[in-house]
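In: Need the 3D shape of this:
(2 chains)
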2 protein chains.
Amino acid sequence: MKAFYGDLKLGILGGGQLGRMLIQQAINYNVTVKILDPDREAPCRKLCDEFVVGSLGDYETVYKFGKKVDLLTIEIEKVNVDALEQLEREGVLVYPQPRIIRLIQDKGLQKQFFKENDIPTADFKMITSVDDLKQVDFPYPYIQKLRRDGYDGKGVYRVADENSLANAFTEPSIAERLIDFEKEIAVVVARNESGEVSTFPVVEMEFNPEVNLVEFLISPSTLSAEIQQEAERIAKKIAEDLKIVGLLAVEMFLTKDGKILVNELAPRPHNSGHQSIEGNVVSQFEQHLRAIFDQPLGDTTCLSNAVMINILGEPGFEGPAVYRGIEKILKCPGVYVHLYGKALTKPFRKMGHVTIVDNDRAKAIETARFVQKTLKVVS
Amino acid sequence: MKAFYGDLKLGILGGGQLGRMLIQQAINYNVTVKILDPDREAPCRKLCDEFVVGSLGDYETVYKFGKKVDLLTIEIEKVNVDALEQLEREGVLVYPQPRIIRLIQDKGLQKQFFKENDIPTADFKMITSVDDLKQVDFPYPYIQKLRRDGYDGKGVYRVADENSLANAFTEPSIAERLIDFEKEIAVVVARNESGEVSTFPVVEMEFNPEVNLVEFLISPSTLSAEIQQEAERIAKKIAEDLKIVGLLAVEMFLTKDGKILVNELAPRPHNSGHQSIEGNVVSQFEQHLRAIFDQPLGDTTCLSNAVMINILGEPGFEGPAVYRGIEKILKCPGVYVHLYGKALTKPFRKMGHVTIVDNDRAKAIETARFVQKTLKVVS
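Out: Now for the predicted structure:
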């Protein structure tokens, strides 16, 4: 590989907030960054060496973009994998590897991978028709998930009873036993080309049930050492089974009887790792760069307690974004604001995030609640 | 003022590493950034909304650039102040204020300001001719400094004895009594439009005498509380006397008999505050943005011990930069690399910096020495 701090051209598929925070970190290494995104107003548009407007799903567009770079990575999974595989054959480095993106794009393949590799996960059944759904032997209610293109809660359907079947998805999907979980947790793990693997400490999440988005994240977890070690062991095992190069976010359920079940994977920086920018020695973005550049992985130790909240567009507002209350939250020590540079807000759109660090965990949570009440994105 | 996170256009005079790190921070607030720099290959060239190539010293160029922004700041003092004053009259916010830039551009005016405001500083005499030099009543050796355009050790002459007078500067200068100092220290202070003032904890510096550049900086200082309080008091007093809006770096000498003498001011982010990116709750760049946007100033508390070293171009090498040893230093925990994106290296050019954070101060210094030995910029 060319020296990453020199002439190496890094291509990123997707120019959203994850690409933006990756660029903020890549600046420290002089990396030449090219971005492909369909939205000419994407958050990365002004922060890269070259910004190309084009479809991430189109073979020709992705292929042509990839031919101009030395190393290609993603900030979103929904990309044309055929093009990535062709680029890989032609010698472009693609991390995470296209076969992994292909696997993770399909929740059915993801679940099969878990099953084949003894990775604990909720019971499931592949569904190709409503008839298949009728044969599901889990009790109601259970969950139906589209195999492809689900995102931030979209593509998920709760099958409450037999009557719900009429409105079920007809596209290829999986049925999944409903997990009565205690908590959602996540582990971000990284693996570099040399095979070094490193996990970030376990984080705990609170979801906004209305929109099924992570809204409140606490790092590090205060679950028992046993549970945390098990979560980290599972995340490492997945990274090693996949032989991924790059970052992998592993979302898990902790069931009420103390078992861990893997929910979903994301082969890239992830919302559940944003607090690492201020809360850990290295951030997930730094770690992703180190992994794909085949550098030594960084120290993931927590520097202090950190709470991360997503800044979502206020319901009822759509249009040019206005941020209310920033002055008030900037008065709180240990509050870090990250706005994503999106011109337009709409209800529940991720417009930014705030991380609150405090050695006193209860105080960090209290400040987070204040931030949540105070900072509003309207128009 | 327009909301800083919205439509506000921030112009920065200078597109070097300080502008680059300011942009890295400004990304978090969605600020629209325009840069003016004479070098089309300047470190900021790809990271801003608009990059204008032009002379910072030219009235028309600076004026035209300034008319396109709402708020203008600097990352270098050597700019056309007449244009800034005109822009200020026409309603453009210019922070730091032009009168302060004018004062600080001229080491003679700076010294007079110290004298008039009872700010302790080394004895000096204004020099307009070699005859003036002959009348200096300090003992040899003493220091002659050009009033204008000195930078990173340039424009400084050591008058060793009477024979040295033949080679002395003939431009307007000051003669300054040589200080037999114990240590060089610095305080970065910020003041916002509302008059809030906040200092960063005192840092201690070690210079590379060969090139007169800060090479090794330790934060926080371990000097007595009394000395540190005095240094912070002086920095605050200067910020308040000047009524500066923005950041002010105050470089000081601690004399062998425990007195503090102010050496020089820089009205902007400064090399002696780089460690704050990882070492303090808010960085100097965040603080400068908060000050000029009239936001509450941030918490400057040190998170841990931090050592900062400049990465200078290795003597004997000139041309496209190659960084040797990065892999080795990335193996050390708590090591943060910042490369400035300069394509060409030359001897002693500032190519980047590395910050080492460690709760154990001795270990941070040890790691810094390892980094210094290991990381080399050649070509």
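In: Could you pull up the mean pLDDT of the helix ranked longest in chain A?
Out: Looking across chain A with DSSP state H, the single longest helix is helix A:225-242. The average pLDDT within helix A:225-242 is 98.
In: Pull the distance from it to the chain's centre.
Out: Centroid separation for helix A:225-242 versus its chain: 17 Å, with C-alpha atoms, centre = their mean, to the nearest Å.
In: Return the set of buried residues in that helix.
Out: A:I227, A:Q228, A:E230, A:A231, A:E232, A:I234, A:A235, A:K236, A:K237, A:I238, A:A239, A:L242 (16 or more other C-beta atoms under 10 Å in any protein chain shown). For every residue, glycine as well, the C-beta is placed using N, CA and C.
In: Next: stretch A:2-21.
Out: Those would be A:4-6, A:8-21, for stretch A:2-21 by 16+ other C-beta under 10 Å.
In: Over to stretch A:51-66?
Out: Across stretch A:51-66, burial judged by 16+ other C-beta under 10 Å covers A:F51, A:V52, A:L56, A:D58, A:T61, A:V62, A:Y63, A:F65, A:G66.
In: Need the max-distance pair from those residues.
Out: Spatially, the most separated pair among those is A:F51 and A:Y63, at 18.0 Å (C-beta to C-beta).
In: Give me the neighbour count for the closest residue to A:I127 other than its chain neighbours.
Out: Nearest non-adjacent residue to A:I127, counting by C-beta to C-beta, 6 or more residues apart in numbering or on different chains: A:S173, 4.6 Å away. When neighbours are counted by other C-beta atoms under 10 Å in any protein chain shown, A:S173 registers 27.
In: Show me how chain A divides into domains.
Out: A:9-94, A:123-176, A:181-378 (automatic domain parsing).
In: Now the weakest link among those domains, please, by mean pLDDT.
Out: Among the domains of chain A, domain A:123-176 scores lowest, at a mean of 89.
In: Need the distance between the two termini of it.
Out: Domain A:123-176 has an end-to-end distance of 6 Å (C-alpha to C-alpha, to the nearest Å).
In: Can I get the buried residues of helix A:225-242 in TSV including distance to B:A166?
Out: Listed next are the buried residues of helix A:225-242 as TSV, based on distance: C-beta to C-beta, whole Å:
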residue	distance to B:A166
A:I227	78
A:Q228	73
A:E230	78
A:A231	75
A:E232	71
A:I234	77
A:A235	72
A:K236	71
A:K237	76
A:I238	75
A:A239	70
A:L242	73
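In: B:V322: which of those is nearest?
Out: Using C-beta to C-beta, those come closest to B:V322 at A:A239, 32.0 Å.
In: Enumerate the residues of the stretch 1-150 of chain A near chain B.
Out: A:3, A:5-6, A:20, A:24, A:27-30, A:46-49 (C-beta under 8 Å from any C-beta of the partner chain).
In: the helices in the stretch 51-200 of chain A, which residues?
Out: Taking DSSP state H, counting those that start in this stretch to define them, one finds helices in the stretch 51-200 of chain A at A:59-67, A:81-89, A:98-105, A:107-116, A:130-135.
In: in the longest one, what's buried?
Out: Spelled out, it's helix A:107-116. For helix A:107-116, by 16+ other C-beta under 10 Å, it's A:K107, A:G108, A:Q110, A:K111, A:F113, A:F114.
In: List the residues that contact the residue nearest to A:N28 when sequence neighbours are not counted.
Out: Nearest-residue entry for A:N28: B:H338, 4.9 Å, with adjacent residues in sequence omitted and distances by C-beta to C-beta, 6+ apart. Applying C-beta atoms under 8 Å, 6 or more residues apart in numbering or on different chains to B:H338 gives the contacts A:N28, B:Q17, B:M21, B:H274, B:I277, B:G352, B:H353, B:V354, B:T355.
In: so how far is B:K243 from the fourth one?
Out: In this structure, B:H274 lies at 26 Å from B:K243, with C-beta to C-beta, to the nearest Å as the measure.
In: Looking at the two, which one has more neighbours?
Out: Higher neighbour count among B:H274 and B:K243: B:H274, with 30 against 13, using other C-beta under 10 Å.
In: isn't the more buried one right next to B:G352, touching?
Out: No: counting by C-beta atoms under 8 Å, B:H274 stays clear of B:G352, with 10.0 Å between them.
In: What about A:D257, how many residues nearby?
Out: Using other C-beta under 10 Å as the criterion, the residues surrounding A:D257 number 7.
In: Start from the N-terminal end of the stretch 251-379 of chain A and give the helices.
Out: For the stretch 251-379 of chain A, applying DSSP H, counting those that start in this stretch gives helices covering A:276-279, A:284-292, A:326-330, A:361-374.
In: most packed of the ones you listed?
Out: Neighbour counts (mean count of other C-beta atoms under 10 Å in any protein chain shown) averaged over each of these peak at helix A:284-292, with a mean of 27.
In: does that one come close to chain B?
Out: Yes: Helix A:284-292 lies within reach of chain B by C-beta under 8 Å from any C-beta, at A:R290.
In: Only the buried residues of stretch A:307-327, if you could.
Out: A:307-314, A:317, A:321, A:323, A:326-327.
In: so does it get close to chain B?
Out: Yes: with C-beta under 8 Å from any C-beta as the criterion, chain B is reached by stretch A:307-327 at A:A321, A:V322, A:Y323, A:I326, A:E327.
In: From B:R147, how far out is the residue nearest in space to the middle of chain A?
Out: The centroid of chain A falls nearest to A:H270 when counting by C-alpha atoms, centre = their mean (2.8 Å). Shown here: A:H270 relative to B:R147, a distance of 55 Å by C-beta to C-beta.
In: next one: A:D70
Out: Distance, A:D70 to B:R147, by C-beta to C-beta: 49 Å.
In: Please apply the same query to A:Q372.
Out: Distance from A:Q372 to B:R147, by C-beta to C-beta: 54 Å.
In: A:E50 too?
Out: From A:E50 to B:R147 the distance is 44 Å (C-beta to C-beta).
In: and the nearest residue to A:I292 once chain neighbours are set aside, what does it touch?
Out: Distances taken as C-beta to C-beta, 6+ apart put A:Y95 closest to A:I292, at 4.2 Å, once the chain neighbours are dropped. Residues near A:Y95 by C-beta under 8 Å, 6+ apart: A:L71, A:L72, A:T73, A:E193, A:V245, A:G246, A:A291, A:I292.
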